[in-house]
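Student: Give me coordinates for this.
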Amino acid sequence: MSQTVGTASQAAPAPVKATGWYRWVACALIFFATSLLYVDRLTLGYLKSTLQGQYGWSETDYAGVVQWFMFAYAVGFLVFGQLIDKFGAKRGYIIAVGVWTFAHLACAAIGFLPVSWVLISFMVSYTVLGFGQGGNFPAALKTVAEWFPQRERSFAIGIFNAGTNLGAILTPLIVPFVLIRYGWQWAIVATSGLSILWLFFWLPFYSRPRESKRTSKEELAYIESDPFVPVKQLPWLKVLLKKETWAYGLGKLLTDPVWFFYSFWLPSYFQTTFKDQVGSVAATALPIVIIFLVSDVGSVFGGWMSSAMIKSGFSVNKARKYSMLICAALVLPMAIFTKLTNDMWAWVAILGIAAAAHQAFSANLMTLTSDLMPKEAVGRCSGIGGTMGAIGGIIMAAGVGRALASNGGYTLIFLVAGVIYLIGLLVIHIISPRLKPAKFEAA
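Tutor: Below you'll find the model as predicted:
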């Protein structure tokens, strides 16, 4: 009879003291990769009004570009999830960043095409860009699983996930400035150049812990202090059929679309809803920067919160779920105040807290991949979950496009976004009430 095994035990960790520092260099590298992913992605949101005015795009045309991006993003998660489990984070990141940067640069050349070709060309380029960006989170989660013991993972994930907020802060500072002075093509070139620069740091500074010359023996012992569980190479189907994968995946399906909405529509929301107070594309920088600065705090705090609970004696199950429950409660004002206030700065506060809560929720949700799966399946599990999140994003893009095209406004969008986290947490709890690790045959 074959034995069955899970991931690292949820019992008290081995008494190895935290030491060393190089694992935080690995964390910094994926933090900046995630930042630049969002700079490249969010650029489209700041070009939306310009492209609609110059090329006559409708709301549904713009939503179509986003939907093709999301479709390819879903496929990219699946493909890169398997590639990264097989070849590792280093090579996976090189391929992913190379693909999305090439596709983004190709968008800059679209301005030289006939007007009738521009929309379809953007759809093609953003399809390739979405596929490449699908590799970021499987590679980042694989990096965390390799470099951090379980009790530090949610904090490390919270830190690298805060890169989404840095990207959201950098984009309104870079893109409107370049857009106004040099045109939308150069805004794309400027943001793509940052991703190319990142590769020059990733190549020499990243390797697996045991292959790194910069990792001390003491730090390596701490990184590997979780009990070792040998497992066979795990095919997609075995990972897909585990209920633990579905707990993570359905959580992503329900909550990821809210962040995609922030990414692609938030600049336009402020430009149209508060045009008397904002006025221009450049003037949207201040409210957007404030929102994502607040969300940065949420990302790090959310990861720290459940890690601190575990260190104080909470089980992994209670620590993750209590943290997510607090976050879900903090998003509720977005649903409650949809009809009660039209003040821009009130909405900056509401959206800032909601975005911070999303990032904290997401940090704990992403940690479930390494809580519930062995390291050999983290990439596949995160790929499946990311695909489901992207499917939710496709549905969201269609719904938002239709709501805005029919002058339905943002009320229903904010209402759904405000309650979806509680629903997502309930689904996770029903599927995995104790967050027990998935069991696979031992090697």
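
Student: Going by C-alpha atoms from here, please, whenever you check contacts or count neighbours.
Tutor: OK.

Student: can you pull out the helices in the stretch 101-250 of the chain?
Tutor: Counting by DSSP state H, counting those that start in this stretch, the stretch 101-250 of the chain has helices at residues 115-133, 136-147, 150-161, 163-182, 184-205, 217-223, 236-240, 243-273.

Student: typo on my end, it should be the stretch 301-443 of the chain
Tutor: Assigned by DSSP H, counting those that start in this stretch, the helices in the stretch 301-443 of the chain fall at 316-331, 333-336, 344-372, 375-405, 411-431.

Student: per-stretch mean pLDDT over the helices of the stretch 101-250 of the chain, give me the minimum one.
Tutor: Confidence, taken as mean pLDDT, is least for helix 150-161 of the helices of the stretch 101-250 of the chain (a mean of 81).

Student: chain center to it: distance?
Tutor: 13 Å (Cα atoms, centre = their mean, to the nearest Å).

Student: okay, the angle between that helix and helix 316-331?
Tutor: With axes from the mean of the first three to the mean of the last three Cα atoms, to 10 degrees defining the directions, helix 150-161 sits at 30 degrees from helix 316-331.

Student: Can you list the helices and strands that helix 150-161 packs against?
Tutor: helix 22-55, helix 136-147, helix 285-311, helix 344-372 (3 or more Cα pairs under 8 Å, 6 or more residues apart in numbering; DSSP states H and E).

Student: In terms of mean pLDDT, which of the ones you listed ranks lowest?
Tutor: helix 285-311 (a mean of 84).

Student: buried ones in that helix?
Tutor: 285, 287-310 (16 or more other Cα atoms under 10 Å).

Student: same for that helix, what does it pack against?
Tutor: Using 3+ Cα pairs under 8 Å, 6+ apart, helix 285-311 sits against helix 150-161, helix 163-182, helix 316-331, helix 344-372.

Student: and the angle for it with helix 243-273?
Tutor: If you take the same axes, to 10 degrees, helix 285-311 sits at 160 degrees to helix 243-273.

Student: so how far is helix 285-311 from its chain's centroid?
Tutor: 14 Å.

Student: who's in contact with the nearest residue to T164 once chain neighbours are set aside?
Tutor: Spatial nearest neighbour of T164, excluding adjacent residues (Cα to Cα, 6 or more residues apart in numbering): S35 at 5.0 Å. Contact analysis of S35 by Cα atoms under 8 Å, 6 or more residues apart in numbering lists 162-168.

Student: how about 7 Å then?
Tutor: 163-164, 166-167 (Cα atoms under 7 Å, 6 or more residues apart in numbering).

Student: Could you work out which of the helices and strands packed on helix 150-161 reaches nearest to K213?
Tutor: helix 22-55 (10.0 Å; Cα to Cα).

Student: for that closest one, the distance to its chain's centre please.
Tutor: Between the centre of helix 22-55 and the centre of its chain there are 11 Å (Cα atoms, centre = their mean).

Student: quick one, it and helix 150-161 angle?
Tutor: Counting by the same axes, to 10 degrees, helix 22-55 points 30 degrees away from the direction of helix 150-161.

Student: what's the following helix or strand after helix 22-55?
Tutor: helix 59-87 (DSSP states H and E).

Student: could you say what helices and strands that following helix packs with?
Tutor: helix 89-109, helix 115-133, helix 136-147, helix 375-405 (3 or more Cα pairs under 7 Å, 6 or more residues apart in numbering; DSSP states H and E).

Student: Would you mind listing the buried residues in the longest one?
Tutor: Pointing back at helix 375-405 there. Those would be 375-394, 396-397, 399-403, for helix 375-405 by 16+ other Cα under 10 Å.

Student: how much space between G56 and T50?
Tutor: G56 is 9 Å from T50, where distance means Cα to Cα, to the nearest Å.

Student: of those two, who's got more company?
Tutor: When neighbours are counted by other Cα atoms under 10 Å, G56 and T50 differ, and T50 comes out ahead with 17 against 13.

Student: excluding its backbone neighbours, what's nearest that one?
Tutor: W184 (7.9 Å).

Student: how much space between the one you found and I174?
Tutor: For W184 relative to I174 (Cα to Cα), the value is 11 Å.

Student: Neighbour count for the two, which is higher?
Tutor: Remark: of W184 and I174, W184 carries more neighbours, 22 against 17, as counted by other Cα under 10 Å.

Student: T245 versus the closest residue in space to S192 that isn't next to it in sequence, what's the distance?
Tutor: Excluding the flanking residues, the one nearest S192 by Cα to Cα, 6+ apart is T101, at 5.8 Å. Between T101 and T245 the distance is 30 Å, computed by Cα to Cα.
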